[in-house]
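Asks: sequence and computational prediction follow.
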Amino acid sequence: MTEHTRDDVATTPLVVAVDGPSGSGKSSVSKAVARRLGAAYLDTGAMYRAVAWHCLNEGVDLADADAVAAAAVAMELEQSTDPDVEAVRVGGTDVTEAIRGAEVTDTVSTVAVVIPVREELRRRQRETIAAAGRMVAEGRDITTVVAPDAHARVLLTASEAVRTARRSGQLAAAGEPGVDAGTLHRQVAGRDARDATVSTFDRPAEGVALVDSTELDFEQTVAAVLAAVEDQAGTPAVKGGRR
Ligand SMILES: Nc1ncnc2c1ncn2[C@@H]1O[C@H](COP(=O)(O)OP(=O)(O)O)[C@@H](O)[C@H]1O
Ligand SMILES: Nc1ccn([C@H]2C[C@H](O)[C@@H](COP(=O)(O)OP(=O)(O)O)O2)c(=O)n1
């Protein structure tokens, strides 16, 4: 892979879209790719989690799609796009940790299938991507709906067993209480099933590169995504980019 100095590529507009199922490595790999490309990073899943947190916090009836949609539109959201700074605030409240908790994780798919919620968050995502210039955006529908014209598009996946094991390791490393296998399966496979009712991420759309990390370690996966970006966008990793 050719590497150029930061100056000759770091200012070139670049949008990279990464989709994939739960536990496929979207967030961690996309952050590493953004660092190497000198790009911003957008975790669109955190936006849906923020809506779920906001609804729970406001006591919104989650069975009332209109109420959920209205809450999403009214939600004041501040979100870091620095790959090295994870920060999410809703109405001035720091929810960076709370949106990763079990209650939000169990609720988020319910709000994510409300189409007006998706329309509102897609609008905000497009604004953020356009304002960034160089952006790696990850989620479920970025390659297909939010940024189908991105310079590079990648579907990142892995076997369900590997994704479940990685999620389990992630929770353990975060000191989360031991999550039983049934709960973990629900959090991974169950959520994918619900997410798949509103987004297509089980197969790459036309022109989207597939990266299956089942047999790849983290660094190999980052390298595979960077290679796909260079192949599609013709842009190399930035020499000396942050790892
Ligand atoms: N190729 C890989 N090999 C080993 N671990 C990985 C790999 N990709 C991601 N991980 C780890 O798996 C866990 C889930 O990754 P994450 O980025 O949160 O996935 P997603 O955002 O798709 O749910 C994290 O602990 C991450 O470090
Ligand atoms: N662009 C997106 C991003 C996330 N979602 C949904 C999918 C999940 O149920 C939630 C949370 O996404 P998140 O990426 O945080 O979930 P995982 O880390 O992949 O388990 O939002 C979506 O529908 N569209």
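Replies: Looks like it came in fine. Ligands and ions are numbered 1, 2, ... in the order given.
Asks: quick one: name the residues of this structure near ligand 2.
Replies: By the criterion of Cβ under 6 Å from any ligand atom, the positions of the chain lying close to ligand 2 are 22, 26-27, 44-45, 48-49, 108-109, 112, 139-141, 191, 195, 199. Every C-beta, even on glycine, is put in place using the N, C-alpha and C of the backbone.
Asks: after the helix or strand bottoming out on mean pLDDT in the chain, which helix or strand is next?
Replies: In the chain, the helix or strand scored least confidently by mean pLDDT, DSSP states H and E is helix 6-9, which has a mean of 54. Along the chain past helix 6-9, the next helix or strand (assigned with DSSP states H and E) turns out to be strand 14-19.
Asks: any buried residues in the helix of greatest length in the chain, and which?
Replies: In the chain, taking DSSP state H as the definition, the longest helix is helix 115-132. Burial within helix 115-132, assessed by neighbour count using 16 or more other Cβ atoms under 10 Å, is assigned to 117-118, 120-122, 124-125, 128-129, 132.
Asks: how far is that helix from where the chain is centred?
Replies: What separates the centre of helix 115-132 from the centre of its chain is 13 Å, taken as Cα atoms, centre = their mean, to the nearest Å.
Asks: pLDDT below threshold where in the protein?
Replies: Within the chain, the stretches falling below the threshold (pLDDT under 70) are 1-10, 177-178, 235-243.
Asks: which parts of it are strands?
Replies: Remark: strands assigned in the chain by DSSP state E are 14-19, 40-43, 77-79, 88-90, 93-94, 134-139, 152-157, 209-212.
Asks: in space, what's closest to Arg134 - neighbours in sequence excluded?
Replies: Ala39 (3.9 Å; Cβ to Cβ, 6 or more residues apart in numbering).
Asks: likewise for Asp43?
Replies: Closest residue in space to Asp43, ignoring its immediate chain neighbours: Ser27 at 5.8 Å, by Cβ to Cβ, 6+ apart.
Asks: returning to that earlier point: which elements pack onto the longest helix of the chain?
Replies: Using 3 or more Cβ pairs under 8 Å, 6 or more residues apart in numbering; DSSP states H and E as the contact test, the elements touching helix 115-132 are strand 40-43, helix 44-58, helix 65-74, strand 134-139.
Asks: most tightly surrounded among those?
Replies: Each of the helices and strands packed on helix 115-132 was given a mean neighbour count from mean count of other Cβ atoms under 10 Å, and the largest, a mean of 28, is that of strand 134-139.
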